[in-house]
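*Asks:* structure here, sequence nowhere to be found:
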C-alpha cells in the first residue's frame with residue numbers, strides 16, 4: 001500500500017483542517033490508514049500558555065513548537081506503521097526563509113520514510129475567506145480570527161509556491177470540504193498510477 005504525506009498549505013481560514021477531516025472520513029472508505037497532524041495540535045500546547053489576543057508570539061514559542069514537531073516526527077520515524085499516511089496542515093508563506101526551510105524538512109522527511117510527498121496549495125477568494133476566518137470555532141481553537149491581521153498577511157505575502165511534481169493547486173472557494181477531499185483523493189490515485 002502506498003504511503004503518503006499530504007501537506008495542506010494555505011492562508012489561515014482557508015479550510016485546511018476542515019478539508020483534512022473530510023479527507024480522513026473518505027480515507028476510511030478507501031481502506032487507507034491516515035492520521036491528521038494539524039499544525040494547531042503542535043502549536044496549541046505552547047499557544048495556550050503564551051498567546052495573547054492579536055499579539056505576535058515570542059521567538060521562544062516557535063522554538064518550542066519546533067521541538068514538538070521533532071518529537072512527533074521521531075515517533076513516526078521509529079514507531080508508526082510503515083503504511084500509515086499522514087495529512088499535515090500549515091500556513092506557509094513564499095519568501096519566508098523559516099517557512100521554506102520547514103517545507104523542505106517535511107519533504108525530506110517524506111523521502112526518508114518512503115512516503116509519496118503531495119503538497120496541496122489551497123486558495124480561496126477574499127470574500128469567502130473572510131467569512132471562514134471569523135468563526136467562533138476558530139477562536140476556540142486558538143486560531144487567527146482578526147480580519148485586519150489576516151488581510152495584512154494576504155496583502156503582504158503569497159502562500160508558499162512549489163514546483164514539486166506532485167503539487168496540486170486547489171481553489172476551494174466554491175467547493176465543500178467533501179468535494180475538496182474527493183479532488184485530493186483523485187489526485188492521489190492519479191499519482192499512484194503514474195508511479196506504479
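*Replies:* Okay, I see it. Everything quoted here is computed from the prediction, not taken from an experiment.

*Asks:* tell me the gap between the lengthiest strand in the chain and the middle of its chain.
*Replies:* Secondary structure of the chain read by DSSP state E shows that its longest strand is strand 116-123. On the basis of CA atoms, centre = their mean, to the nearest Å, strand 116-123 sits 8 Å off its chain's mean C-alpha point.

*Asks:* could you do stretch 147-167 as well?
*Replies:* Worked out by CA atoms, centre = their mean, stretch 147-167 lies 13 Å from the chain centre.

*Asks:* and stretch 56-71, by the same measure?
*Replies:* 17 Å.

*Asks:* which parts of it are buried?
*Replies:* 61, 64-65, 69 (16 or more other CB atoms under 10 Å). All C-beta spots, glycine's among them, are computed from the backbone N, C-alpha and C.

*Asks:* quick check: the gap between the closest residue in space to residue 107 that isn't next to it in sequence and residue 34.
*Replies:* On the basis of CB to CB, 6 or more residues apart in numbering, the spatially nearest residue to residue 107 that is not a chain neighbour turns out to be residue 117, at 5.3 Å. When CB to CB, to the nearest Å is applied, the distance between residue 117 and residue 34 equals 15 Å.

*Asks:* cool, residue 3 as well?
*Replies:* Distance of residue 3 to residue 34, computed by CB to CB: 10 Å.

*Asks:* quick check, central residue of the chain?
*Replies:* Per CA atoms, centre = their mean, the C-alpha nearest to the average position across the chain is that of residue 89, at 1.3 Å.

*Asks:* show me where the chain has helices.
*Replies:* Secondary structure of the chain (DSSP state H): helices located at 16-29, 39-50, 59-79, 97-112, 126-133, 136-140, 147-156, 177-195.

*Asks:* residue 164 is nearest to which of the ones you listed?
*Replies:* When the helices of the chain are ranked by distance to residue 164, counting by CB to CB, first place goes to helix 97-112 at 7.2 Å.

*Asks:* isn't residue 113 right up against residue 3?
*Replies:* Yes: under the criterion of CB atoms under 8 Å, residue 113 lies in contact with residue 3, with a separation of 7.1 Å.

*Asks:* how many other residues sit next to residue 83?
*Replies:* Summarising burial for residue 83: neighbours were counted as other CB atoms under 10 Å, giving 11.

*Asks:* okay, now residue 72: neighbour count?
*Replies:* Residue 72: 15 surrounding residues under other CB under 10 Å.
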